[in-house]
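J.: Next comes the sequence, and after it the predicted model I'd like to discuss.
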Amino acid sequence: MATARFNYTSYDARRMQDVVNPRSHADVMVLSHEDETSEAPHPYWYARVVRILYVFVRFRTPGSSALSTQPERFNILWVRWFGLDSIGSSGWAARRLHMLGFLPSDDSSGPAFGFIDPTQVIRGVHLIPAFCYGTTQEFLGPERSVAHQHPELGNQDYIAYYLGM
């Protein structure tokens, strides 16, 4: 199984490293691209890494019709996006952990899956399943998908997760 390593600086200015593996520790955070005009922009987006992939790409230079002679390797992460629960107050001031949930595959607010450049990942995150809300099939439908991380749940997903801060 492929792994990815992400370096970051901890709160006490020490250099640390997160190892992301799609089977066991697969959750990451990236900077959000929400504009400042939205009501309460959250600084980060959260995703679960489904697969770590690479592709070979040949470029066409600007102003030229010729392709580059050597293909270049690019690493990419295939991710499943989480949406932030913005109904209740959360964060340090509210003394409540943020809650996240998977975006449904038919959601109009954005895609449930996407590709990201590993250099955009800030670090791995720790998500705690909110067991009290149970599980559901409504996010991906009744079929078994490679995007399901927990084989013991079959084709189910936890409805919500708490974000460990």
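T.: Arrived safely.

J.: Model confidence for residue 95, exactly?
T.: Note for residue 95: predicted pLDDT of 78.

J.: Who does the nearest residue to residue 120 once chain neighbours are set aside form a beta bridge with?
T.: Sequence neighbours aside, residue 30 is the residue nearest to residue 120 in space, at 5.0 Å (criterion: C-beta to C-beta, 6 or more residues apart in numbering). Just so you know, the C-beta spots here come from the backbone N, C-alpha and C atoms, and that holds for glycine as well. Beta-bridge pairing of residue 30 under DSSP bridges involves residue 45, residue 121.

J.: tell me the pLDDT at residue 30?
T.: 92.

J.: mind listing what it touches?
T.: Neighbouring residues of residue 30 by C-beta atoms under 8 Å, 6 or more residues apart in numbering: 44, 45, 47, 116, 120, 121, 122.

J.: Closest one of those to residue 18?
T.: residue 121 (8.5 Å; C-beta to C-beta).

J.: And for that closest one, the neighbour number?
T.: Residue 121: 21 surrounding residues under other C-beta atoms under 10 Å.

J.: Just give the nearest non-adjacent residue to the spatially most central residue of the chain, would you?
T.: Of all residues in the chain, the one closest to the mean position by C-alpha atoms, centre = their mean is residue 47, 1.2 Å from it. Nearest residue to residue 47 in three dimensions, chain neighbours excluded: residue 79, at 3.7 Å (C-beta to C-beta, 6+ apart).
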